[in-house]
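K.L.:
Okay, sequence plus prediction incoming.
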Amino acid sequence: MPSERHPLLSNRGESAEIAQQKAALRSSRIREIAFFAWGLLATAAFIVAAVWIQHDAQTDHGNHDKVAPKRNLVFMVSDGMGPASLSLTRSYRQYINDLPENDTLVLDQHFWGTSRTRSSNSLVTDSAAGATAFSCGLKSYNGAISILPDFEPCGSVMEAAKRVGYTTGLVVTTDITDATPATFVSHVLRREMQDSIALQEIGEGVLGRSVDLMLGGGRCHFLPNSTEGGCRADEVDVTRLAREKHGWGYTDDRHGFDALDGGNKVKLPFLGLFAERDVPFEIDRQKQNDVYPSLSEMATTALRALEKATKDTDKGFFLMIEGSRIDHAGHFNDPAAQVREVLEYDKTFKAVLDFIANSKTETVLVATSDHETGGLATAIQEPGHLPVYNWYPRALANAASSTEYLASKLRSYAASIGHFNNPKERRKSKASLKKWINEELVVPGLGISNASDEELEALADNAEASLEIFSAMISLRAHVGWSTHGHTAVDVNIYSSGGPGTQAIRGNVENTDVGKFLRHYLDVDDVVEDITKELREKTEKPGEGAMSMALEGGSVVGSYHAQEI
Ligand SMILES: *[C@@H]1O[C@H](CO)[C@@H](O)[C@H](O)[C@H]1NC(C)=O
Ligand SMILES: *[C@@H]1O[C@H](CO)[C@@H](O)[C@H](O)[C@H]1NC(C)=O
Ligand SMILES: *[C@@H]1O[C@H](CO)[C@@H](O)[C@H](O)[C@H]1NC(C)=O
Ligand SMILES: [Zn+2]
């Protein structure tokens with residue numbers, strides 16, 4: 001067993017990954033942190049079998065299912081969606097469909113309360129600490145993946161649910177190894193350790209496998225560094241390991257998704273990774289529907305698959321669905337992309353409600369955000385102007401592409417004409433580049449027909465980093481404002497279908513109260529405690545260096561995150 005596990009996650013491999021992403025951090029500490037991650041996977045490999053049997057006896061299933069009738073839980077996370085995103089999207093929807101002012105989003109009709117979001121070490125949380133509050137019901141530091149401020153792992157509600165017999169699933173539109181899904185089924189000191197997260201997700205962690213179904217993006221974290229489309233630091237083919245050692249079914253494309261027949265043909269455990277990294281923003285994805293499934297399609301497929309798998313079991317299922325890229329649109333300050341992301345999330349929320357209406361098993365839906373992103377404001381005062389009491393959804397309706405997409409088009413076009421190579425050439429080609437930008441990107445993509453010469457000049461001068469300029473152009477025309485490219489501390493909304501126990505998260509609550517609700521509803525409070533104990537027994541505490549690096553990383557996570565997406 002040790003010889004089988006050893007090559008999977010060498011400390012060299014893990015350190016290469018992190019060093020690449022965070023070159024500023026000291027390498028000795030990185031090595032230490034990597035040892036810790038390796039430890040989580042392998043330290044206890046020797047004793048797993050023995051302890052496992054003993055543990056099974058300790059966590060006698062009978063203790064827990066006495067009181068619990070069959071129930072399902074769907075937890076939805078709208079990453080980075082603050083209250084202003086709802087106002088923006090509601091008005092946008094009314095505008096494009098010519099609806100009256102009393103027409104609201106489905107989410108609006110299920111408003112439940114608000115959540116305070118600070119982390120243990122900052123008033124402004126990141127998604128890792130935010131999701132750890134949901135998975136463990138406890139505050140931790142920015143960057144922590146179900147690890148507490150004392151650097152010890154905490155048992156998650158999904159691990160506990162799986163242990164007592166629930167069937168479990170994760171659906172996202174970003175990397176399935178990204179912070180939010182990761183906190184439910186893995187434990188690492190820092191969110192950047194996605195090589196380790198991927199392995200833990202498929203069942204290589206000390207608890208074995210805690211999730212039965214994963215749909216989303218981030219395929220590159222599962223492919224070896226030698227493969228095209230792989231972004232691991234090591235040579236492990238995690239998709240193969242998943243299939244051959246842990247029995248996962250696997251698909252990596254739309255064709256394979258369609259073959260699941262809306263969930264009817266899913267054999268668990270099943271892994272679907274439909275993008276190398278992020279699934280494209282909904283505004284762009286709609287034009288590539290034959291390549292990528294949407295969030296609502298993945299969610300309804302998961303619901304059907306889990307319903308089918310639990311048809312004859314005593315326990316129901318626990319599914320986490322994340323509208324992952326609302327956050328990215330916020331980081332990019334792209335309001336046109338954001339309203340489409342929120343609409344798709346709203347559609348998914350409705351799909352879950354419809355599922356509940358038709359389900360014979362008691363099912364509760366709770367939805368919230370980990371934090372707000374962008375400091376979005378639904379009006380701006382232009383410099384040198386008086387305030388205008390309005391904002392203009394039409395400007396967002398005119399856009400056909402995200403600023404992320406337009407910026408990448410500009411980058412590759414500029415490279416293709418040698419714009420970056422030769423300064424002289426660059427000056428000469430600028431006039432024609434400006435014309436191309438306007439005709440090929442700004443008019444059809446942003447829907448802006450009156451770009452100023454200044455704006456086109458700025459785009460041509462910053463062809464390698466134009467995203468913020470595109471975003472500023474459309475935000476200005478829509479009169480939509482942003483205060484940051486990072487996160488903010490504003491309270492976020494909670495939505496629910498209602499149902500047993502949901503009164504506990506009415507009103508203004510702490511994000512950890514949402515996490516406590518999840519485990520309470522599934523009746524796994526005690527099991528979470530057992531799992532925490534088991535994790536602590538089986539993993540080595542990291543060294544001093546790794547611990548301080550884990551916290552240091554918190555101060556740069558914003559820049560890492562914005563850069564990375
Ligand atoms: C919205 O207002 C119209 C009248 O202005 C009314 O007929 C309709 O029932 C209202 N809809 C809702 C959902 O309240
Ligand atoms: C791939 O990872 C292995 C370690 O697992 C390393 O020895 C090798 O140099 C890496 N190759 C590339 C191309 O990065
Ligand atoms: C561009 O046109 C829009 C709508 O016609 C107008 O509101 C806006 O002020 C114009 N912007 C610039 C920079 O000319
Ligand atoms: Zn974010």
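P.N.:
Received the coordinates, thanks. Ligands and ions are numbered 1, 2, ... in the order given.

K.L.:
mind listing what residue 84 touches?
P.N.:
372, 376-378 (C-beta atoms under 8 Å, 6 or more residues apart in numbering). For the C-beta atoms, the positions are set from N, CA and C on the backbone; glycine is no exception.

K.L.:
Make sure it is indeed in a strand.
P.N.:
No: Residue 84: not assigned to a strand; according to DSSP: H, G, I helix; E, B strand; the rest coil it is helix.

K.L.:
what's the neighbour count on the closest residue to residue 241 other than its chain neighbours?
P.N.:
Take residue 241 and drop its neighbours on the chain: the residue closest to it by C-beta to C-beta, 6 or more residues apart in numbering is residue 202, 6.5 Å away. Neighbour count of residue 202, defined by other C-beta atoms under 10 Å: 24.

K.L.:
Could you verify my assumption that residue 181 touches residue 170?
P.N.:
Yes: counting by C-beta atoms under 8 Å, residue 170 is a contact partner of residue 181 at 4.5 Å.

K.L.:
joint contacts of these two?
P.N.:
Joint contacts of residue 181 and residue 170 (C-beta under 8 Å, 6+ apart) are 214, 216, 320, 322.

K.L.:
circling back to that earlier point, between residue 181 and residue 170, who's got more neighbours?
P.N.:
Neighbours were counted for residue 181 and for residue 170 using other C-beta under 10 Å; residue 181 has more, 30 against 24.

K.L.:
Distance-wise, check the one residue in the stretch 51-200 of the chain that gets nearest to ligand 3 relative to residue 458.
P.N.:
Residue nearest to ligand 3 within the stretch 51-200 of the chain: residue 95 (14.4 Å; C-beta to the nearest ligand atom). Going from residue 95 to residue 458 by C-beta to C-beta, to the nearest Å gives 28 Å.

K.L.:
go on, residue 174?
P.N.:
Residue 174 is 29 Å from residue 458, by C-beta to C-beta.

K.L.:
Show me which of those two is the more surrounded one.
P.N.:
residue 174 (25 against 17).

K.L.:
For that one, list the residues it contacts.
P.N.:
So residue 174 contacts 79, 216-218, 277-279, 322, 324-325, 328, 565 (C-beta under 8 Å, 6+ apart).

K.L.:
Check the secondary structure at the residue in the stretch 351-500 of the chain positioned nearest to ligand 3 for me.
P.N.:
Ligand 3 sits closest to residue 450 of the stretch 351-500 of the chain, with a gap of 3.8 Å, by C-beta to the nearest ligand atom. Classification of residue 450 by three-state DSSP places it in coil.

K.L.:
With the one 10 residues further on instead?
P.N.:
Under three-state DSSP, residue 460 falls in the helix class.

K.L.:
Looks like it contacts residue 430 (just checking).
P.N.:
Yes: if you go by C-beta under 8 Å, residue 460 and residue 430 touch, sitting 5.1 Å apart.

K.L.:
As a check, name the ranges of all strands in this structure.
P.N.:
In the chain, the segments counted as strands under DSSP state E are 71-78, 111-116, 167-175, 213-217, 249-251, 270-273, 317-323, 362-368, 372-373, 487-488, 492-496, 507-510.

K.L.:
possible to save those as TSV with mean pLDDT and distance to ligand 2?
P.N.:
Putting those into TSV (pLDDT from 0 to 100; distance: least, C-beta to the nearest ligand atom, whole Å) gives the following:
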stretch	mean pLDDT	distance to ligand 2
strand 71-78	98	33
strand 111-116	98	41
strand 167-175	98	20
strand 213-217	99	22
strand 249-251	98	22
strand 270-273	98	20
strand 317-323	98	30
strand 362-368	98	39
strand 372-373	98	33
strand 487-488	98	33
strand 492-496	98	40
strand 507-510	98	42
